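Q: Test case, fold it:
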Amino acid sequence: MKVKRFFANVIVLAIFAAVIFFIGWISFYVKPGKCAVMTTKTGGLYPEPIQYGKFLWRWERLLPTNVSLSQFDLKEHSYVQNVSGTLPSAEIYSAFMTPKPDFSYNITVKTVFSVSPEKIHELVKSKSIENSEESLDEYLRQKSLVAANMIAEDFIRNGKKDTLLNATVLSGRQVERILSPRLGEFDGIEIDSVEVSGNRIPDVKAYELSREAHEKYLETLNEIIREKASGQADSILQLENSMKQLEQFATLLEKYPKFNDFSKSGNLSGVMDKLIQIQ
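A: Model (predicted):
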């Protein structure tokens, strides 16, 4: 009986140990192709991402409701962004060319990202994203929008109109060059591919010619305005001098009333000469 009881106890202990082992086996709960970020009520954020296939056992999992695992998909994230609009002051500049050119653009940029488990953990730690796959997806979507705008701007600035007749796949070196001013924002994000296509892109050379024509027009217009303003200033100055003379004449007539008859004759200049002689 003692032997049977011993083996029974061993079996119970083995089952209990197995249960404890499986409960604390954290990586067992991570699905293939995913990673997880673990937070606990007792210790907060675990310092490393939990990855499938890498064994990890933690005692924190033994406490009920103590552990929270947020899983993130490690597959590629693909986004399609459409960048459209018109060049600055396009309507004003186009009026200086015949026929009026179209300075609008419509460019589509498809980006494919992948993110390392370490980067996901870093984003959660820095509170750049929440503990949810939806939050990561929105974060990457915003990065794809930044990339799309910079790539579209580069294509427009360099006048790559013909290259967009068919979809263009950018090389890693091209992507790095275009995104270089803000490349730090993409740390930890692998840009797997970038494809650019567009059905409308403006003629930058025509835009620059229109802008120059508009600037010359403004310069000519300003010169005309200055000339007219100068002529009007001379007229205003002459009028002011005449008014001062009339005021002086009226003052002298009040002082010498006997010259009123001369003023009525209309020979004002003669009257003023006599008044000045008296003065």
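
Q: low-scoring stretches of the stretch 1-150 of the chain, by residue?
A: Of all residues in the stretch 1-150 of the chain, those with pLDDT under 70 make up the ranges 1-10, 17-19, 22, 90, 93, 96-97.

Q: so where do the helices sit in it?
A: Under the criterion DSSP state H, counting those that start in this stretch, helices of the stretch 1-150 of the chain are mapped to 2-24, 90-94, 117-125, 133-157.

Q: For R58, which of those is the nearest?
A: Each of those has some distance to R58 by Cβ to Cβ; the shortest is helix 2-24, at 5.8 Å. All C-beta atoms are positioned from the backbone trio N, CA, C, and that covers glycine.

Q: State the distance from D187 to R226.
A: Separation of D187 from R226 (Cβ to Cβ, to the nearest Å) stands at 55 Å.

Q: Spell out the secondary structure type for L179.
A: Following DSSP: H, G, I helix; E, B strand; the rest coil, L179 is assigned to helix.

Q: My guess is it contacts M150. True?
A: Yes: assessed by Cβ atoms under 8 Å, L179 is found in contact with M150 at 5.9 Å.

Q: picking up where we left off before, want to throw the helices of the stretch 1-150 of the chain into TSV with distance to E208 and mean neighbour count?
A: Rendered in TSV, the data for the helices of the stretch 1-150 of the chain read as follows (distance: least, Cβ to Cβ, whole Å; neighbours: other Cβ atoms under 10 Å):
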stretch	distance to E208	mean neighbour count
helix 2-24	68	10
helix 90-94	9	17
helix 117-125	41	18
helix 133-157	11	17
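
Q: A36: which of these is closest?
A: The closest of the helices of the stretch 1-150 of the chain to A36 is helix 117-125. By Cβ to Cβ, the value is 8.6 Å.

Q: Which one, of the helices of the stretch 1-150 of the chain, ends up nearest to Y52?
A: helix 117-125 (9.6 Å).

Q: Provide the contact partners of that closest one at residue level.
A: Contact partners of helix 117-125, identified using Cβ atoms under 8 Å, 6 or more residues apart in numbering, comprise 35, 37, 45, 48-49, 51, 70, 72, 74, 128-131, 136, 139, 187-189.

Q: Next step: these restricted to strands.
A: 35, 37, 45, 51, 70, 72, 189 (DSSP state E).

Q: Of all pairs in these, which one spans the longest distance?
A: Within the ones in strands among the contacts of helix 117-125, L45 and I189 form the most distant pair, 20.7 Å apart (Cβ to Cβ).

Q: Look at those two and report which has more neighbours.
A: Of the pair L45 and I189, I189 is the one with more neighbours under other Cβ atoms under 10 Å, namely 20 against 13.

Q: Name the residues of the helix or strand containing E195 that are buried.
A: Using DSSP states H and E, the element containing E195 is strand 189-200. Buried residues in strand 189-200, defined by neighbour count with 16 or more other Cβ atoms under 10 Å: 189, 191, 194, 196-198.

Q: Specify the angle between that strand and helix 133-157 in degrees.
A: Counting by axes from the mean of the first three to the mean of the last three Cα atoms, to 10 degrees, strand 189-200 lies at 50 degrees to helix 133-157.

Q: follow-up on the earlier one: in ChimeraX, how would I select just the buried ones from the contacts of helix 117-125?
A: To isolate the buried ones among the contacts of helix 117-125 in ChimeraX, judged by 16+ other Cβ under 10 Å, type:
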select :35,37,49,51,70,72,74,129,131,136,139,189
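
Q: For stretch 129-137, C-alpha coordinates in PDB please.
A: The C-alpha trace of stretch 129-137 is given here as PDB (Å, rounded to 0.1, in the frame of the first residue of the first chain):
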ATOM      1  CA  ILE A 129       1.700  52.800 -29.500                       C
ATOM      2  CA  GLU A 130      -0.800  51.100 -27.200                       C
ATOM      3  CA  ASN A 131      -0.800  47.400 -26.400                       C
ATOM      4  CA  SER A 132      -2.800  46.400 -29.500                       C
ATOM      5  CA  GLU A 133      -2.100  45.400 -33.000                       C
ATOM      6  CA  GLU A 134      -4.500  48.000 -34.300                       C
ATOM      7  CA  SER A 135      -2.400  50.700 -32.700                       C
ATOM      8  CA  LEU A 136       0.700  49.400 -34.400                       C
ATOM      9  CA  ASP A 137      -1.100  49.300 -37.700                       C
END
